[in-house]
Each structure stands twice: as structure tokens, then as C-alpha cells.
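Got a predicted model here, sequence first, then my questions.
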Amino acid sequence: MPLAIICSGGDAPGMNPAIKKFVDYVYERGETPYFIYNGLEGMIDGEIALAKHKDVAGILHRGGALIRSSRSRRFYEYEYRKKAYENLGKHGITGLVVLGGDGSFRAMERLSKEFPLNFVGVPTTIDNDIYGTDTCIGVDTALNAIRDALDRIRDTASTFSRAFVVEVMGRECGYLAAVSAITSGAEICLIPEADFNWSVAKEHLKREIKDGRSYILSIVSEGTKKTEELARWLEKEIGMETRITVLGHIQRGGTPTVNDRMLAFEFTVRAVDHLLRSSESNRVMVVENGRYGMKEIEEVVQNRYSIDPDLLGMLNRLD
Ligand code: F6P
């Protein structure tokens, strides 16, 4: 059975281990693997090719995605979705592994409602904002990139007696910011999911500064849009010279961690097994409390992720 893999939306470290496992495992199962290059744009344009072992040799440790990715506006239009489906048909492909986030899963759900197609979504985004799974491919590597940056920033902040405001990615999800703040011992963390009590924080920091605190490390999730505001507040209300660092796309690159490689292997093997075993369409791989499973796409895209209350509890104890 010809099966294809595609990366869609923002890239994330761990896509390459998933791509490699897909090719190796599909051959191991006696089936034929295909690549769809350039995400949904490539599906529309027929950029589909047979995958060979040699294509995936030496990619395991690399960030990014060998087969590249894209965000597609054209895919919103029926005409282009039809074209994409017809391109799959030229290779006899009826089963797809889709590495992406919930926007990509929504797009695939639409396609598979219109045409007979079986796909399994594999949560792949540094944002960790997909409902029903504790984590996604790329999250661990992004967290480690942030940790590395924060360790470096702390060195300079502590030497120069400054406050730093570090903005991290995550769209509307504060997971990266929250975990980074907790594990790097930041004094302040602003995320979209929680209110920040400015007056309590001011009192607290003033007291600490009186007791000898000489620098402040704060993390802001991009979704709050409060990076500048916090920097101004630190200067004006706390009285500390402040610098802003926006980490940006550094968080999306780099060698995938061991955890992300393992997650990529576990998700991909299970996704392929499902495509070969069952004609039930529209599933998304998940991991909950260490157990792998699948959820129906409707459940995943119709619900909104919510941040773990235990994590919020830990965040409230930052000091
Ligand atoms: O979804 C991944 C992500 O990196 C977000 O954290 C960020 O808001 C967005 O993509 C950035 O998008 P782009 O790469 O298009 O600038």
C-alpha cells in the first residue's frame, strides 16, 4: 500500500527523526513510502516522490525537515484541495501521515471529508497547544533551546545588575514560558492563561532588592503582547535598568533532543500501523500520562488545549 508523509505548518525539531522512521518502517512492513514535499502547497502542485532509504540517511540529528513545510492559503479553496487529492491518486496514495499542528489537522479533516482519504495526524509543534496530548514533537527541543538562552542571559544579568525580559514563542499558549520560568528560576512569568498581579509582584521584588537581589529574570509568552509593558514597568516601578531579548526562531531550530526523537519514533510507528490496519480515517496520535493513544480528529480540533493546573500552581510559587 503506498503511504505518504507530509510536514505542514511551522517546522519543529523532531520532524526529521519522524521522516526517517516513516521511510524505514514502511519498508520494514513491506509497503511503499512517499514524500510530499513543501507541505500542502507541494500537495497541490504534485511535488510527490518515492522515498528511498538513502534519502533519509544521516538526517536523524538534524533540525528542520528534509521534505520542507509550508502554510497554504490555496488549500482553503475546494479547487486546490481537489487538485491535491488528484495528485495523491496519481501515486495510488490513500494513507497519509501528517506532521503538524491543529491548523494542519483541520485542513486534512476537510480534505478527508470531501475525498476518500485516511490520515493520521502527528502532533508536531513547539507551542504544545494541541488538545488531548500532553506533549508534541519539538516541544522538548524548544524548551532546551530556551533553557540554554536563559542560562546565558542570567550570566550577564547577574554580572551587570540588570533586569531582563525574555520573550518566548508559543502563540496563544503559555506552556513554553511557564515551564521555562519554573526550570530556570525566573522571578516573573507572564502567560496568556493567567493574570499577573503587578502590585503583589512589585512589593515582593522591592523587598527582595532591599535584601540584596541585584538582578531579575522574567519570561513573557509572546501571546500576552506584554513584553514592552513589562520592561517599562521594571524600569519605572522597580527601578532596574532593563533589557529585552526576543528569542524568536532560535527556538524552532537545532538538534532534536532524545525525548523528541523517541516521541517521533513512537508516534510515527503507531501512525503507520494504524494506516495499514484500519480504514478508520481522521485520527490524531496523542500521549497522555505516558500512554500512547489516538483521538478522533473532531475531538482534537473542536476542543481547546488548556494548560495543566499543576503547572500554573508551580508558576504561582515563583520567587
Ligand atoms: O507555531 C510555531 C510558531 O513558531 C509560533 O510559536 C510562532 O508564533 C509562529 O510559529 C511564528 O510563525 P512564523 O515562523 O511564520 O514567523
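Structure's in. What do you need? Remember, it's a predicted structure, so these values are computed and weren't measured experimentally. Numbering: from 1, shown residues only.

Which parts of this protein are strands?
Listed in chain order, the strands of the chain (DSSP state E) span residues 2-7, 32-36, 48-50, 95-100, 118-123, 163-168, 188-190, 216-221, 242-246, 283-288, 291-296.

Can you tell me which of those is nearest to the ligand?
strand 163-168 (8.4 Å; CB to the nearest ligand atom). Placement of C-beta: from N, CA and C, glycine included.

what does the closest one contact?
Surrounding strand 163-168, the residues in contact under the criterion CB atoms under 8 Å, 6 or more residues apart in numbering are 146, 149-150, 153, 157, 176-177, 180, 186, 215-222, 227, 230-231, 234-235, 238, 240-247, 251.

what's the neighbour count on the closest residue to the ligand within the stretch 51-200 of the chain?
Per CB to the nearest ligand atom, the residue of the stretch 51-200 of the chain with the smallest distance to the ligand is Met169, at 3.2 Å. A count of nearby residues for Met169, using other CB atoms under 10 Å, gives 23.

ok, back up a step: could I get the strands of the chain as a markdown table with mean pLDDT and mean neighbour count?
A markdown table is the format used below for those (pLDDT from 0 to 100; neighbours: other CB atoms under 10 Å):
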| stretch | mean pLDDT | mean neighbour count |
| --- | --- | --- |
| strand 2-7 | 98 | 26 |
| strand 32-36 | 98 | 23 |
| strand 48-50 | 98 | 16 |
| strand 95-100 | 97 | 28 |
| strand 118-123 | 97 | 28 |
| strand 163-168 | 98 | 26 |
| strand 188-190 | 97 | 24 |
| strand 216-221 | 98 | 26 |
| strand 242-246 | 98 | 16 |
| strand 283-288 | 97 | 22 |
| strand 291-296 | 97 | 15 |
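
Compare these and give me the one nearest His204.
strand 188-190 (9.6 Å; CB to CB).

Residues of the stretch 101-250 of the chain that sit close to the ligand?
Counting by CB under 6 Å from any ligand atom, the stretch 101-250 of the chain comes close to the ligand at 125-127, 169-171, 222.

wait, doesn't the residue of the stretch 51-200 of the chain closest to the ligand sit right on Glu222?
Yes: Met169 is within contact range of Glu222, at 5.6 Å (criterion: CB atoms under 8 Å).

returning to what we had before: next up, the contacts around the residue of the stretch 51-200 of the chain closest to the ligand.
126-127, 142, 176, 222, 247-248, 251-252.

Please repeat the previous calculation with a cut-off of 7 Å.
Taking CB atoms under 7 Å, 6 or more residues apart in numbering, we find Met169 in contact with 126-127, 176, 222, 251.

same question, Phe105
Taking CB under 7 Å, 6+ apart as the test, what Phe105 contacts is 98, 121, 284, 297, 300-301.

Look up how far Lys225 lies from the residue lying closest to it once chain neighbours are set aside.
Counting by CB to CB, 6 or more residues apart in numbering, Phe105 lies nearest to Gly121, which is 4.3 Å off, once chain neighbours are set aside. In this view, Gly121 and Lys225 are 29 Å apart by CB to CB, to the nearest Å.

what do you get for Leu217?
In terms of CB to CB, Leu217 sits 20 Å off from Lys225.

again with Ser214
29 Å.

just to revisit the earlier point, how about the contacts of Phe105 in TSV, adding distance to Lys202?
Listed next are the contacts of Phe105 as TSV, based on distance: CB to CB, whole Å:
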residue	distance to Lys202
Val98	47
Gly121	44
Val284	43
Ile297	46
Val300	41
Val301	41
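
Under the pLDDT cut-off, which ranges of the stretch 201-319 of the chain? List them.
318-319 (pLDDT under 70).

Residue of it nearest the ligand, please.
Arg252 (5.3 Å).

correct me, but that residue touches Asp11?
Yes: Arg252 is within contact range of Asp11, at 6.1 Å (criterion: CB atoms under 7 Å).

Enumerate every residue touching the residue lying closest to Ala201 once chain neighbours are set aside.
Distances taken as CB to CB, 6+ apart put Ile188 closest to Ala201, at 6.3 Å, once the chain neighbours are dropped. With contact taken as CB under 7 Å, 6+ apart, Ile188 is in contact with 201, 216, 218.
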